[in-house]
Each structure stands twice: as structure tokens, then as C-alpha cells.
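Engineer: Need coordinates for the below:
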Amino acid sequence: MAVPSATTDERMHYPQKHRRTEYQGTYPISREDKIKLDLWMSTRYEGLPEPSSNEADEMGVVPSFSYRDVPIYGDTADIMALYFRGVWGCLLTPKNVSDLADTTGIRYHVWVATKKVLERYPKCSKTFYMRLVLRQFLFELGLAVLGVVKGPVVIFIDSRLHDSKAAMVYEARALVELFDRADVRRWRVIITLPATDDGIRAARELTNRYSISIHLSMVTSLAHARACIEAGATMLSMNIAPIMTWFEKKDEVEVEHPIAPDHPGIKTIQSCIDYIHQNSLNTSLLVTDIRDWDELKQLGGIGAVALSQKLLDQISMLGLTTWFPEILEECDDPPVCQCSKYLFDFRNRERGLGMTLSAGDRSIMSSVVYIHLGRNKVFMQKIEDAIRKEVDERLYVDAFDPLSTTLYGQESIGWRKHERD
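Structural biologist: Here you go, the predicted model:
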């Protein structure tokens with residue numbers, strides 16, 4: 001509160017105290033609330049005058065806004081939902097694509113991809129068609145998404161290749177090449193790889209040698225995140241739900257942890273966020289699989305959020321803001337001290353990521369990463385079934401089309417040679 005000075009008519013003002021539970025974190029915000037928050041943070045004085053008043057000018061009110069807007073990625077393959085919600089980018093995953101595999105929109109992109117591949121490569125094996133149609137389908141879907149979002153599309157390759165560095169590198173390069181031919185700028189396409197041993201090694205080669213933006217998914221701990229950052233990944237993602245669940249059901253005993261900053265799952269995710277900020281790294285941390293808005297409100301300084309269509313509906317016409325202090329608060333156990341002693345060896349395949357992790361970090365990685373990879377296998381199978389159905393129908397039709405070979409035969413010879421090379 002302002003009080004008169006003992007010697008002058010000037011007024012003395014006292015700094016406000018930060019209120020952790022009310023203000024710090026990440027939460028939905030309307031335009032009106034954002035203006036109010038901007039005003040609250042624009043001064044360190046308890047007595048807040050009107051911004052246009054002479055008193056405000058005399059006090060020298062200087063904005064020091066410690067909040068930042070959070071880019072929202074739509075965790076859905078529904079193009080109309082992305083368009084109407086006005087999200088920044090899109091996170092395509094095997095799950096959200098397979099969920100819509102039977103819809104008209106996805107079937108249309110499968111049909112287009114099948115038509116282009118079979119016309120370009122007549123008289124090839126069905127296995128060859130399946131691989132190329134999947135790649136072409138992802139390109140067609142990604143290109144459609146880029147037409148309705150302002151930012152990047154985070155797009156996956158076949159997650160069943162997670163144990164083969166060479167296969168992941170090849171598929172990522174081939175997919176990005178399709179976008180390059182369509183004159184899509186590189187920053188708008190981010191390729192998702194699983195954060196396994198081979199995925200991290202593939203990310204290092206793709207970023208350093210081919211300048212491809214990589215998103216390493218399913219990061220589970222600080223040491224795990226550090227290995228991904230050293231690989232040069234543009235983006236990391238942490239799945240809130242399985243990480244929180246692992247701590248709540250650790251050792252097969254369900255433990256009641258209130259949703260608060262001291263929840264071990266929240267502390268694990270926050271430690272990765274703080275590590276990125278403390279070291280001024282050019283890596284963005286994306287949080288996904290949000291169970292409840294209260295979980296998001298405990299995390300500050302996040303780089304981006306992926307929201308499902310259900311969550312997007314809940315914050316219609318709202319944005320997200322996150323607490324982003326210029327100087328991080330001191331803590332008793334800094335994140336940098338929690339890192340593993342040994343760096344991930346990118347050249348030695350025998351000495352994998354598990355050698356750099358503690359027993360607890362290995363356990364949570366197994367529970368999150370490999371369980372998700374198993375589920376993704378099922379989702380990929382559903383996508384592949386939709387593609388196989390369309391390929392079979394197209395091959396059946398082409399079997400009665402005597403002009404198909406003469407029309408596209410000469411063009412396909414060059415493309416088959418290019419694919420083998």
C-alpha cells in the first residue's frame with residue numbers, strides 16, 4: 001500500500017510477493033484475463049494506477065511480463081477441428097490417425113496416395129506398394145494439415161522401425177524429400193522418432209548430416225532428455241499421464257500423490273524443462289497425454305502443449321500461457337545434478353542408453369516407451385489395413401485396364417531406378 005514519505009510528498013511503494021499457487025504454472029487464459037495479467041505483471045508496485053494516467057508515467061511503470069504464450073499443437077488428425085480451433089501446429093501420431101482410419105477424410109488421402117504410387121510404379125510387388133503408399137499417405141495427410149495450421153506439422157514414420165537406425169534414417173529422409181519437392185519449408189516439417197537407442201542415434205545423423213528437424217517422443221527422465229538433446233533434437237515430448245501413473249503405482253503399490261508441484265511425476269517433467277532453460281538450449285519440450293488441467297497448472301516454462309480434440313473443445317476461444325521467469329528460482333537439488341554421470345555413446349551400439357540411466361530411470365523408460373511402442377504397433381496395423389484394402393481394390397481395377405502399363409510404363413522405369421538407388 002502507498003504511504004506518504006516523511007520528507008517529501010512523493011509516495012513510496014512496496015514490491016508484490018509472488019503467489020506460487022495462484023499465478024505460476026500453465027493454464028488457459030482469455031484475451032481479457034491476459035490483459036489483466038499483463039497489467040498485474042507490468043509493475044512492481046502495490047498501488048497500480050491507470051496505465052494512461054500521469055501518475056503511471058511519473059512512476060516509470062515498465063512492463064516486465066514473466067508469462068509467455070504457449071504454442072498449442074492439435075493432437076488430432078481431424079483437419080476441420082484443427083481449422084476451427086486455430087491451433088499453431090499439429091501432432092500426428094499413429095493413434096490419432098488410426099482413430100480416424102475409417103472416416104472419409106483419411107480414406108480420401110489413402111486413395112490419393114494409392115493412385116499416385118500405382119500409377120508411378122506399375123507391376124511391382126504388393127510389399128513394395130504397401131511401403132510406398134504408407135509414405136505417400138503420410139505426405140498427403142501432412143500437406144493437407146499444413147494448409148490449415150500456421151506452424152509445423154509433427155509427423156511420424158512407421159514406429160515399428162524403432163530398433164533399426166538405418167531404416168528410420170531412410171524413411172525420414174524419403175518423407176522429407178516429398179515435402180521438399182512440394183516446396184514446403186523445412187521448419188514446418190518435424191519428423192517423430194521414438195526416443196530409443198536407435199531412435200536417438202538416427203536423430204543425431206538426421207539433424208547433423210541432413211538438417212532435418214526431429215521430434216523425439218516418449219522421453220521419461222532428465223538423463224533420457226539429456227541424451228536426446230545431445231542428439232540435436234528440435235523437440236522432445238513427455239507424456240504426462242504414463243509418467244504420473246508410474247509414480248502413483250510404483251512397486252505395484254498405489255500411492256496417493258496429490259496433484260501438486262512436489263508430485264514426483266511433476267518434478268521429473270519440471271526438471272527437464274528447467275534444464276533446458278538453465279542451459280539456454282534450442283530444444284522445445286512438448287507435453288502431451290494430459291489427464292487433467294490441474295496437472296498442466298503445476299508446470300511452468302513449457303515449450304509447447306499437444307491437446308486432444310476433447311481438451312481443445314474445453315478451451316474454445318482460449319489460449320494458453322505459462323510462467324516464464326527470467327531467472328529461475330533456486331532449488332535444493334538443481335536439475336543439472338540429477339543427470340547421469342556418463343554421456344550417451346552415439347557410436348558404440350553395445351553401450352546403449354540403459355548404461356547411462358539409473359535403475360529407476362530404466363524402469364520408467366521400460367514402462368512408458370516400450371508399452372507405447374507395443375500400442376503403436378496395433379495402431380500402425382490398423383492404418384496398414386486401410387492401405388492394404390485400397391491397394392487391393394486398385395490392383396483389381398488395374399488388372400482390367402490394358403492402358404495402365406502403356407500410359408505410365410516409361411515414367412515408372414525411371415522412378416523404380418531412383419527408388420533402388
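Engineer: Nearest residue to residue 89 in space, please, no chain neighbours.
Structural biologist: residue 151 (3.7 Å; Cβ to Cβ, 6 or more residues apart in numbering). Placement of C-beta: from N, CA and C, glycine included.
Engineer: Counting neighbours, what do you get for that neighbour?
Structural biologist: The number of residues packed near residue 151 is 17, by other Cβ atoms under 10 Å.
Engineer: Over to the one 4 residues further on?
Structural biologist: By other Cβ under 10 Å, the residues close to residue 155 number 25.
Engineer: That one belongs to a strand, doesn't it?
Structural biologist: Yes - assigned with DSSP: H, G, I helix; E, B strand; the rest coil, residue 155 falls within a strand.
Engineer: Hmm, residue 173 is touching residue 212, no?
Structural biologist: Yes - with contacts defined as Cβ atoms under 8 Å, residue 173 counts as touching residue 212 at a distance of 7.1 Å.
Engineer: Please identify which of the two sits among more neighbours.
Structural biologist: Using other Cβ under 10 Å, the more surrounded residue of residue 173 and residue 212 is residue 212, with 22 against 17.
Engineer: Tell me which residues touch the more buried one, please.
Structural biologist: 172, 173, 176, 186, 191, 206 (Cβ atoms under 8 Å, 6 or more residues apart in numbering).
Engineer: And for residue 399, the neighbour number?
Structural biologist: 9.
Engineer: Please report how far it lies from residue 129.
Structural biologist: Using Cβ to Cβ, to the nearest Å, we find residue 399 at a distance of 14 Å from residue 129.
Engineer: can you pull the contacts of the residue nearest to residue 89?
Structural biologist: Counting by Cβ under 8 Å, 6+ apart, residue 151 has contacts 71, 73, 88, 89, 188.
Engineer: So which of the residues you listed wins on neighbours?
Structural biologist: That'd be residue 73 among the contacts of residue 151, by other Cβ under 10 Å, with 27 neighbours.
Engineer: Name the residues linked to that residue by a beta bridge.
Structural biologist: residue 89, residue 306 (DSSP bridges).
Engineer: hang on, the earlier thing: intersection of neighbour lists for residue 173 and residue 212?
Structural biologist: With Cβ under 8 Å, 6+ apart, residue 173 and residue 212 have common neighbours residue 206.
Engineer: Which residue ranges of the stretch 251-400 of the chain form helices?
Structural biologist: 264-278, 293-296, 309-314, 359-365, 371-398 (DSSP state H, counting those that start in this stretch).
Engineer: by contact count, what packs against the longest one?
Structural biologist: Of the remaining helices and strands, those touching helix 371-398 by 3 or more Cβ pairs under 8 Å, 6 or more residues apart in numbering; DSSP states H and E are helix 94-98, helix 104-120, helix 126-146.
Engineer: Now it: buried residues?
Structural biologist: Buried residues in helix 371-398, defined by neighbour count with 16 or more other Cβ atoms under 10 Å: 372-373, 376, 379-380, 383-384, 386-388, 390-391, 394, 398.
Engineer: Looking at these, which gets the smallest pLDDT?
Structural biologist: Ranked by pLDDT, these bottom out at residue 398, which scores 71.
Engineer: Please report how far it lies from residue 129.
Structural biologist: From residue 398 to residue 129 the distance is 11 Å (Cβ to Cβ).
Engineer: Name the residues contacting each of the two.
Structural biologist: residue 118.
Engineer: in the chain, which residue is closest to the centre?
Structural biologist: residue 286 (4.5 Å; Cα atoms, centre = their mean).
Engineer: What is the burial count for the closest residue in space to residue 324 that isn't next to it in sequence?
Structural biologist: Closest residue to residue 324 apart from its sequence neighbours, by Cβ to Cβ, 6+ apart: residue 68 at 4.4 Å. Burial of residue 68 is recorded as 15 neighbouring residues (other Cβ under 10 Å).
Engineer: Name the residues linked to residue 68 by a beta bridge.
Structural biologist: With DSSP bridges as the rule, residue 68 is bridged to residue 322.
Engineer: residues touching it, list them.
Structural biologist: 321, 322, 324.
Engineer: Please name the residues that touch the nearest residue to residue 191 once chain neighbours are set aside.
Structural biologist: Spatial nearest neighbour of residue 191, excluding adjacent residues (Cβ to Cβ, 6+ apart): residue 172 at 4.7 Å. Residues in contact with residue 172 (Cβ under 8 Å, 6+ apart) are 157, 191, 193, 202, 206, 212, 214.
Engineer: Give me the pLDDT for residue 47.
Structural biologist: In this prediction residue 47 is given a pLDDT of 49.
Engineer: Narrow the contacts of residue 172 to those in helices?
Structural biologist: 202, 206 (DSSP state H).
Engineer: just to revisit the earlier point, in a markdown table, list the helices and strands packed on helix 371-398 along with mean pLDDT.
Structural biologist: Below are the helices and strands packed on helix 371-398 laid out as a markdown table (pLDDT from 0 to 100):
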| stretch | mean pLDDT |
| --- | --- |
| helix 94-98 | 97 |
| helix 104-120 | 95 |
| helix 126-146 | 96 |
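Engineer: picking that back up, so which of the contacts of residue 68 would you say is closest to residue 305?
Structural biologist: residue 322 (8.6 Å; Cβ to Cβ).
Engineer: Who are the contact partners of that closest one?
Structural biologist: Counted by Cβ under 8 Å, 6+ apart, residue 322 has contacts 25, 26, 67, 68, 70, 299, 300, 301, 302.
Engineer: Just give the nearest non-adjacent residue to the fifth one, would you?
Structural biologist: In space, not counting the residues next to it along the chain, residue 70 is nearest to residue 320; the distance is 4.0 Å by Cβ to Cβ, 6+ apart.
Engineer: how deep is the one you found tucked in, by neighbour count?
Structural biologist: 19.
Engineer: Next up, the contacts around it.
Structural biologist: With Cβ under 8 Å, 6+ apart, residue 320 has these contacts: 26, 27, 28, 29, 69, 70, 72, 305.
Engineer: So the second one sits against residue 297, correct?
Structural biologist: So that's residue 27. Yes - the criterion here is Cβ under 8 Å, and residue 27 meets it with residue 297 at 5.0 Å.
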